[in-house]
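**Student:** Next come a sequence and a model predicted from it.
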Amino acid sequence: MSDEETTRFINRKLPKTNTPVDETVAYSTMQTPTASPKATQGGRDDDFTKIVRPGAATSPTGATGVAGAASVDTFSSSGEPVVGWLVIVDGPGKGQSMQLGSGMNGIGRAKEARVSLDFGDEEISRLNHASVVYDPKGNKFYLQHGGGINLTYLEEAPVLQPIEIKGRETISIGNTKLMFMPFCGPNFSW
């Protein structure tokens with residue numbers, strides 16, 4: 001496998017200041033494999049860590065917006081254990097998966113959302129369209145509406161109150177259909 005076909009992490013040392021630095025900022029920038037050598041060698045002062053994935057497509061602003069494009073996942077950089085996934089089975093971003101963590105997993109288009117679905121579906125609310133909740137004490141998952149005007153559907157029924165989900169259910173948000181895949185459950189938990 002050549003260097004162009006592997007995922008690479010390009011790190012820079014953070015500047016020493018008395019101002020606290022949010023570590024998620026260090027992991028939230030992506031660089032495409034076609035970047036200039038200066039950018040991939042840390043030539044810009046405002047970049048800390050770049051995740052370079054082969055085949056990643058980004059817009060000029062750096063936001064992903066096409067099916068097959070790699071997405072920046074702020075959850076995965078936290079080091080928190082994965083409890084399940086949401087996989088896009090239909091709509092923009094088809095084939096992509098997003099990790100779920102313990103507690104509330106707010107779903108929205110914004111990069112600040114714990115589960116960011118920024119693949120071009122404008123029908124998805126920016127923040128808190130819906131949430132997948134993992135309760136580590138009860139070892140169960142729940143789906144709940146985010147409180148906005150856009151509805152969330154479990155199979156074909158609107159989600160108007162929290163409802164337990166067990167796995168392989170289809171969740172519809174905007175023009176996007178997701179399949180819920182649990183990792184934790186009756187036989188395993190962190």
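**Tutor:** That came in fine, so what should we check first?

**Student:** any chance you could map the helices in the chain?
**Tutor:** Taking DSSP state H, the helices of the chain run over residues 23-27, 37-40.

**Student:** For Gly84, list each beta-bridge partner.
**Tutor:** Gly84 forms beta bridges with Leu100, Pro182, as assigned by DSSP bridges.

**Student:** could you pull out the strands for this structure?
**Tutor:** Residue ranges of the strands in the chain, as given by DSSP state E, are 8-11, 29-30, 49-52, 84-90, 97-100, 103-108, 115-116, 130-135, 140-145, 152-154, 157-158, 163-165, 170-173, 176-182.

**Student:** taking the ones you listed together, which one is wrapped up most tightly?
**Tutor:** Scoring the strands of the chain by mean neighbour count under mean count of other CB atoms under 10 Å gives strand 115-116 as the most buried, with a mean of 24. From N, CA and C alone the C-beta is placed, and that goes for glycine too.

**Student:** Report the strands that pair with it, each with its relative direction.
**Tutor:** strand 103-108 (parallel).

**Student:** Now do the strand it pairs with and strand 130-135, the angle between them.
**Tutor:** Relative orientation of strand 103-108 versus strand 130-135 (axes from the mean of the first three to the mean of the last three CA atoms, to 10 degrees): 170 degrees.

**Student:** any idea how the protein splits into domains?
**Tutor:** 3-52, 76-182 (automatic domain parsing).

**Student:** ranking those domains by mean pLDDT, which is last?
**Tutor:** Per-segment mean pLDDT for the domains of the chain reaches its minimum on domain 3-52, at a mean of 44.

**Student:** From start to finish, how long is stretch 170-186 in a straight line?
**Tutor:** 21 Å (CA to CA, to the nearest Å).

**Student:** Test my guess that Ile88 contacts Ile107.
**Tutor:** No: assessed by CB atoms under 8 Å, Ile88 is found out of contact with Ile107, at 11.5 Å.

**Student:** quick one: common contacting residues for those two?
**Tutor:** Leu117 (CB atoms under 8 Å, 6 or more residues apart in numbering).

**Student:** Let's have the strands of the chain in JSON lines, adding distance to Ser189.
**Tutor:** Below are these laid out as JSON lines (distance: least, CB to CB, whole Å):
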{"stretch": "strand 8-11", "distance to Ser189": "30"}
{"stretch": "strand 29-30", "distance to Ser189": "32"}
{"stretch": "strand 49-52", "distance to Ser189": "29"}
{"stretch": "strand 84-90", "distance to Ser189": "11"}
{"stretch": "strand 97-100", "distance to Ser189": "13"}
{"stretch": "strand 103-108", "distance to Ser189": "14"}
{"stretch": "strand 115-116", "distance to Ser189": "20"}
{"stretch": "strand 130-135", "distance to Ser189": "9"}
{"stretch": "strand 140-145", "distance to Ser189": "10"}
{"stretch": "strand 152-154", "distance to Ser189": "23"}
{"stretch": "strand 157-158", "distance to Ser189": "28"}
{"stretch": "strand 163-165", "distance to Ser189": "16"}
{"stretch": "strand 170-173", "distance to Ser189": "22"}
{"stretch": "strand 176-182", "distance to Ser189": "10"}
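
**Student:** Perfect, I'm done here.
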